[in-house]
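Undergrad: Just a sequence and a predicted model for now, questions to come.
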Amino acid sequence: QGTRAELSAHSPGQGAGSLPQVRAVPRTGFLCHDQRSCIPASGVCDGVRTCTHGKDEDESLCRDVPQSLPRFLVAHCGDPASWIYSDQKCDGTNNCGDCSDELSPVTVCPPCGPGWWHCPSTFFKYCDCIPRRLCRDHIQHCSDWSDEYACPGP
């Protein structure tokens, strides 16, 4: 995954003459023609013109997806023939169908956030974390039923 330099505005504590800070950030978005708007990777070549000038749906970009897309917009699944958009990686949802976008030696995702419950394995849609709103809903989401018996709920 590439990086790009990104300018960040100076903080209120800095003087007006201070230079903006430059920091490297992971590239997972698509920069529109106006050079200001950035859309999520999954918004590129999705049939909807999100950028003002339609750059995200340009024929040269979308003619042979995913090969024609910049590499930083694409993430590969465990099955070499399958792929997802880079912003779908580590989003808590089983986008690849085999959880390789959430759990894999090549995918390092942060631990479950505060709105999520960790369980050893889940059923289809999620991989190892489920939204807490699904806890104690009388439907098994975790293979060990911990979402119904141990999760404190939302």
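TA: Structure's in. What do you need?

Undergrad: Nearest residue to the middle of this protein?
TA: In the chain, the C-alpha nearest the mean C-alpha coordinate belongs to Asp87, at 2.7 Å (C-alpha atoms, centre = their mean).

Undergrad: pLDDT weak spots in this structure?
TA: By pLDDT under 70, the low-scoring segments of the chain are 1-28, 105-106, 122-124.

Undergrad: Strands of that one, start to end?
TA: For the chain, the strands defined by DSSP state E occupy 3-8, 21-26, 29-31, 38-40, 74-76, 83-85, 116-118, 129-131.

Undergrad: one step back: ok, the residue nearest to the centre of the chain touching Ala41?
TA: Yes - counting by C-beta atoms under 8 Å, Asp87 touches Ala41, with 4.4 Å between them. Every C-beta, even on glycine, is put in place using the N, C-alpha and C of the backbone.

Undergrad: Could you find the closest non-adjacent residue to Ser42?
TA: Tyr85 (4.0 Å; C-beta to C-beta, 6 or more residues apart in numbering).

Undergrad: now swap in Cys77 and tell me
TA: Cys96 (3.6 Å).

Undergrad: Distance of that neighbour relative to Cys151?
TA: Separation of Cys96 from Cys151 (C-beta to C-beta, to the nearest Å): 25 Å.

Undergrad: for His138, same thing?
TA: Applying C-beta to C-beta to His138 and Cys151 gives a distance of 12 Å.

Undergrad: And Tyr85, by the same measure?
TA: From Tyr85 over to Cys151 (counting by C-beta to C-beta), the distance is 30 Å.

Undergrad: quick one: contacts for the nearest residue to Cys90 once chain neighbours are set aside?
TA: Excluding the flanking residues, the one nearest Cys90 by C-beta to C-beta, 6+ apart is Cys109, at 3.7 Å. With contact taken as C-beta atoms under 8 Å, 6 or more residues apart in numbering, Cys109 is in contact with 89-90, 102-103.

Undergrad: Turn the residues you listed into a markdown table, including neighbour count and distance to Cys51.
TA: Formatted as a markdown table, those follow (neighbours: other C-beta atoms under 10 Å; distance: C-beta to C-beta, whole Å):
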| residue | neighbour count | distance to Cys51 |
| --- | --- | --- |
| Lys89 | 23 | 22 |
| Cys90 | 16 | 25 |
| Glu102 | 22 | 29 |
| Leu103 | 18 | 33 |
